[in-house]
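> Okay, here's the prediction I keep looking at, along with the sequence it came from:
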Amino acid sequence: MIEERYVLEASGLSIGYFRGKNGHSLVAEDLNLKLRHGELVCLLGPNGAGKSTLIRTLAGLDKPLAGKIFMDGADVSTLVSRERARFGSVVLTDQAPSGMLTAYSIVALGRYPHTRWTGILSEYDRSRVEWALRVVDAESLSERQVGELSDGECQKVMIARALAQDAKVLFLDEPTAFLDLPRRVEIMRILRDLAQEEGLAVILSSHDLDLSVRCADELWLMNPAGIVVQGYPEDLALRRIIAQTFQSDEVNWDTDEGCFRLHRIPKRVASMEGKGSVALWTRRALARKGYRLGRVEDAELKVTITHLNGHPTWRARISDSWRSFDSLQSMFRWVESIS
């Protein structure tokens, strides 16, 4: 049996906040976590579960209350800051720079663990800065001042700065928090590619469950009790651990659809004939409008999906009234007008 090597291990780890000389506030305890080379891990959990505290502690920014953290087998507590910086680089949500610095200058700051006290960049240092800008698709931003950049562009620059450190682990706390959907997808693609193609270990905290399930090699699910469960996204979904982690009175996890659904008791019954993506979105529309699917003989609303010249058509019937529609919106406007 091949013995697995981990780039990061936490053993008996307790995290929280120190309060005064002898007190502390405990967030989670006795955590045993392992991170592999070349994997993208997404840390998910409800607000207040302690995700940011765990990221900061693993990255060495906060001291653990108890336990050990090892990077490539070395006890992090025995390393000086420059040595730790060569193991792990960090991107935080509150790290966005301001002022007159260019994007290139910000990324060049990532070389500090490798330069002498003068901070002068060698030819190799400059090549790593250029590489970091290139892999996050930010070469065109290099001469622009960071104050001129959008949130998405700024996030790319901060990731490039962390990459320029040439660390083995990249820690990110909510890297897509303030980005629109296309930019969130782009950042996650970049991070996934870095893990797969560069062998970098990437761990990030996120509230974007859908994107994390689609992109991550592994999820770490952290519940309000401070328990962290590691596993493949698909395994955690099938074992209903995702549902348990995010359980609330408002939503529930639909294992069949791979998404959350609002808790709503349907008051009406509909039947539907059809298949494929059109049927999927029709089911969602019916559920949103307060219908559950049932037998034809019990249905108040009967819907049949057909295709005409490659375009979907909905044939709807209520009592003895029926009509065909070219959109769900027009169908439900009609249903509401006669109900």
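Everything's here; your move.
> quick one: low-confidence parts of the stretch 101-250 of the chain?
Along the stretch 101-250 of the chain, the model assigns pLDDT under 70 to residues 117-118, 249.
> what distance separates the start and the end of stretch 72-88?
With CA to CA, to the nearest Å applied, stretch 72-88 spans 11 Å between its terminal residues.
> Over to stretch 160-176?
As for stretch 160-176, its first-to-last residue distance stands at 15 Å under the measure CA to CA.
> What of stretch 164-184?
Terminal residues of stretch 164-184 are spaced 22 Å apart (CA to CA).
> and that stretch, which residues are buried?
164-176, 179, 183-184 (16 or more other CB atoms under 10 Å). Bear in mind the C-beta positions are built from the backbone N, C-alpha and C, glycine included.
> likewise stretch 187-203?
For stretch 187-203, burial by neighbour count (16+ other CB under 10 Å) applies to Ile187, Met188, Ile190, Leu191, Arg192, Leu194, Ala195, Leu200, Ala201, Val202, Ile203.
> circling back: just the buried residues of stretch 164-184: which are in strands?
Val169, Leu170, Phe171, Leu172, Asp173 (DSSP state E).
> Keeping just the C-alphas, turn the helix or strand containing Arg214 into PDB.
Assessed by DSSP states H and E, Arg214 sits inside helix 209-215. Taking Å, rounded to 0.1, in the frame of the first residue of the first chain, the C-alpha atoms of helix 209-215 are listed here in PDB:
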ATOM      1  CA  LEU A 209     -21.900  25.800  -2.400                       C
ATOM      2  CA  ASP A 210     -22.900  25.200  -6.100                       C
ATOM      3  CA  LEU A 211     -19.600  26.400  -7.500                       C
ATOM      4  CA  SER A 212     -17.600  24.600  -4.900                       C
ATOM      5  CA  VAL A 213     -19.400  21.300  -5.500                       C
ATOM      6  CA  ARG A 214     -18.600  21.600  -9.200                       C
ATOM      7  CA  CYS A 215     -14.900  22.700  -8.900                       C
END
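> which residues are in contact with that helix?
Contact partners of helix 209-215, identified using CB atoms under 8 Å, 6 or more residues apart in numbering, comprise 40, 42, 44, 176, 184-185, 188-189, 191-192, 206, 219, 233, 237, 242, 246, 258-260.
> Tell me if I'm right that Cys165 and Arg84 touch.
Quick fix: residue 165 reads Gln, not Cys. No. Gln165 sits out of contact with Arg84 when judged by CB atoms under 8 Å, with a separation of 10.5 Å.
> Look up the residues that both of the two are in contact with.
None of the residues lies in contact with both Gln165 and Arg84 under the rule CB under 8 Å, 6+ apart.
> Tally up the residues packed near Ser337, please.
Ser337: 7 surrounding residues under other CB atoms under 10 Å.
> what about it, which SS state?
Using DSSP: H, G, I helix; E, B strand; the rest coil, the three-state assignment for Ser337 comes out as helix.
> Do you know the pLDDT at it?
Predicted confidence (pLDDT) for Ser337: 89.
> Ala49 too?
As summarised for this prediction, Ala49 has a pLDDT of 90.
> which residues touch it?
Counting by CB under 8 Å, 6+ apart, Ala49 touches Met222, Asn223, Pro224, Gly226.
> Can you name the helix or strand that the third one falls in?
When elements are defined using DSSP H and E, Pro224 is found to belong to no helix and no strand.
> before we move on, what about Lys68?
Residue-wise, Lys68 maps onto strand 66-71 under DSSP H and E.
> Then Arg84?
Assigned by DSSP H and E, Arg84 falls within helix 81-87.
> Give the buried residues for that helix.
Neighbour-count burial for helix 81-87, counted by 16+ other CB under 10 Å, picks out Arg84, Ala85, Phe87.
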